[in-house]
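1. here's a sequence, model it:
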Amino acid sequence: MPAPSSPLRCLVVDDDPLSVQIVINCINNTPFLTAIGTYDSAMAAAEVLRTEPVDLLFLDVEMPLMSGIDLLNTLQNPPLVILITSSKHYAVEAFEHDVVDYLVKPISYARFLKAAQKALELSADASLSAAASASAGAIAAGTDPDFTFVKVDTKLVKVLFNDVSYVEALGDYVHIVMPHSKLIVYSTMKAVEEKFPSSIFVRAHRSFIVNLKRVQAIEDNTITIENKQIPIGQTYLREVLQRLNKF
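-> Presented below is the predicted three-dimensional model:
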């Protein structure tokens, strides 16, 4: 993926000076990132995050007085977040808070770069989504408003939009899930958003797009569709609620 016209502005929040220096070195060696500051406590960083433009936050989980997770809970519109942790058991909490990735100390540059590239792709996706919303959610040119075709192995398969319950991203593939069947497609969520009409579909999480017609219930930031519990990412919650209220 090409680098953006301007690098992603990164803030590092960690009480471990060695970890901070490693992350800063990684940022300085990554052309599409730029460091705009470091803080050794979540409380010190909180006000900056509310008032200054930050694209990507590298956030330590375990800090005194206020943890990284506590800080995320105070932010209404958090930037993209990569958690830094000494323990892998924070993976579930990372998923619930819709973070880009989490890095386990000690951090290698190869692993750092993989997480940073995810953030770059998601930043590009967000820009494209905003542009799509501004153009009234038009469907890609040449696409019938009721269906599209997706490539499954060597076949082109017709997909009726009304039949789709939700789409889930899994690695380099997406699962297009219908009540009695599922298609596994080599694709990105960005490509799905471009093909699927925003009049009935909404991004609920970095890993999920849902059909508003299929939503059965919403509770505790979770959508239920045909007994599937789908998390709502914090950055998508307001849009999902607004769309459901208008639907």
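
2. domain parsing for this structure?
-> What automatic domain parsing lists as the domains of the chain is 8-134, 147-246.

3. lowest mean pLDDT across the ones you listed, which one is that?
-> Lowest mean pLDDT of the domains of the chain: domain 8-134, a mean of 85.

4. skipping adjacent residues, who's closest to Thr195 in space?
-> Small correction: residue 195 is Lys, not Thr. Closest residue to Lys195 apart from its sequence neighbours, by Cβ to Cβ, 6 or more residues apart in numbering: Thr148 at 4.8 Å. For the C-beta atoms, the positions are set from N, CA and C on the backbone; glycine is no exception.

5. centre of the chain to the helix or strand encompassing Ala191, how far?
-> Here Ala191 sits within helix 189-195, counting by DSSP states H and E. The chain centre lies 14 Å from the centre of helix 189-195; the measure is Cα atoms, centre = their mean, to the nearest Å.

6. same deal with stretch 169-176?
-> 14 Å.

7. do stretch 51-68 as well
-> Relative to its chain's centre, stretch 51-68 lies at 17 Å (Cα atoms, centre = their mean).

8. now do the end-to-end distance for it.
-> Across its full length, stretch 51-68 reaches 18 Å between end residues, using Cα to Cα, to the nearest Å.

9. in it, which residues are buried?
-> Neighbour-count burial for stretch 51-68, counted by 16 or more other Cβ atoms under 10 Å, picks out 54-61, 63, 66-68.

10. restricted to strands, list those residues.
-> 56-60 (DSSP state E).

11. out of those, which comes closest to Phe112?
-> Phe58 (9.1 Å; Cβ to Cβ).

12. thinking that closest one is in contact with Val12, fair?
-> Yes - contact criterion Cβ atoms under 8 Å: Phe58 and Val12 qualify, at 4.6 Å.

13. hey, what's in contact with both of these two?
-> Both Phe58 and Val12 are in contact with 23, 27, where contact means Cβ atoms under 8 Å, 6 or more residues apart in numbering.

14. and the residue nearest the centre of the protein?
-> The structure's the chain has its C-alpha centroid closest to Arg206; by Cα atoms, centre = their mean the separation is 3.4 Å.

15. what segments of the chain are helices?
-> Secondary structure of the chain, counting by DSSP state H: helices at 17-28, 42-51, 68-74, 91-96, 109-134, 189-195, 237-246.

16. the nearest residue to Ala44 once chain neighbours are set aside - how many residues pack around it?
-> Computed as Cβ to Cβ, 6+ apart, the closest residue to Ala44 that is not its neighbour in sequence is Val13, at 8.0 Å. Val13: 27 surrounding residues under other Cβ atoms under 10 Å.

17. how about Val13: which residues does it bridge to?
-> Tyr39, Leu59 (DSSP bridges).

18. that one touches Gly37, doesn't it?
-> No - judged on Cβ under 8 Å, Val13 makes no contact with Gly37 at a distance of 9.2 Å.

19. thinking again about what came up before, to Leu8, which of the helices of the chain lies closest?
-> Closest to Leu8 of those, according to Cβ to Cβ: helix 109-134, at 6.1 Å.
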